[in-house]
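S.K.: Next come a sequence and a model predicted from it.
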Amino acid sequence: MKGSKVNRFLTMTTWCTKSEGPFIVKWIAKPLFLKYYCLDMGRMEDYLEQESADIKYTVVKPPNLTGNTISGAEIKAVEGQWVPGGRASNITRGDVAKFMLECLDTDQWDNKLVSISN
């Protein structure tokens, strides 16, 4: 990124790449399906936090994605690995895309890992 003069980076990982999280994530999703994906995503998050002070980055962390369009539901967003009290099951791809585009118009989530949920 430094060599290509990138000054804004927006990406998506998932909930709980580096922490335990809700029961379903800790005991079912991560051990059975997501272990290596979460390790790789966590490495990217670490790199951004440790090596990317010269750019503005935002890592958006939704739970399971569904193929639906924008739902119009309120999107809860918190800095960190997951949304306590948030629905851990699904969020539409349309809602995630809408939130990511909104991140480009504000500095509220610059240089942060932000978890989202409906």
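M.R.: All right, it came through fine.

S.K.: all contacts plus neighbour counts: C-alpha atoms, from now on.
M.R.: Noted.

S.K.: what comes into contact with the lengthiest helix in the chain?
M.R.: Across the chain, the longest stretch assigned as helix under DSSP state H is helix 35-51. Judged by C-alpha atoms under 8 Å, 6 or more residues apart in numbering, the contacts made with helix 35-51 from elsewhere in the structure are 13, 14, 16, 17, 18, 30, 57, 59, 111, 113.

S.K.: next one: stretch 73-85
M.R.: The list of residues contacting stretch 73-85 from outside it, by C-alpha under 8 Å, 6+ apart, reads 15-19, 21, 61, 86, 95, 99, 112-118.

S.K.: Mark which of those residues are buried, thanks.
M.R.: When neighbours are counted using 16 or more other C-alpha atoms under 10 Å, the contacts of stretch 73-85 contain these buried positions: 15-18, 21, 61, 86, 95, 112-118.

S.K.: Show me the residues you listed that map onto strands.
M.R.: 61, 112, 113, 114, 115, 116, 117 (DSSP state E).

S.K.: Residue 69: which of the residues you listed is nearest?
M.R.: Proximity to residue 69 was ranked across those by C-alpha to C-alpha; first place goes to residue 117, at 15.0 Å.

S.K.: Next up, phi/psi of the residue nearest to the closest one when sequence neighbours are not counted, please.
M.R.: Counting by C-alpha to C-alpha, 6 or more residues apart in numbering, the nearest residue to residue 117 once its immediate chain neighbours are dropped is residue 76, at 5.2 Å. The phi and psi torsions at residue 76 (degrees, to the nearest 10) take the values phi -90, psi 130.

S.K.: give me the number of residues near residue 76?
M.R.: Using other C-alpha atoms under 10 Å as the criterion, residue 76 is surrounded by 15 other residues.

S.K.: swap in the one 4 residues further on?
M.R.: Around residue 80 sit 19 other residues, with neighbours defined as other C-alpha under 10 Å.

S.K.: Can you tell me the centre-most residue of this protein?
M.R.: Among the residues of the chain, the one closest to the centroid is residue 61, at 1.4 Å (C-alpha atoms, centre = their mean).
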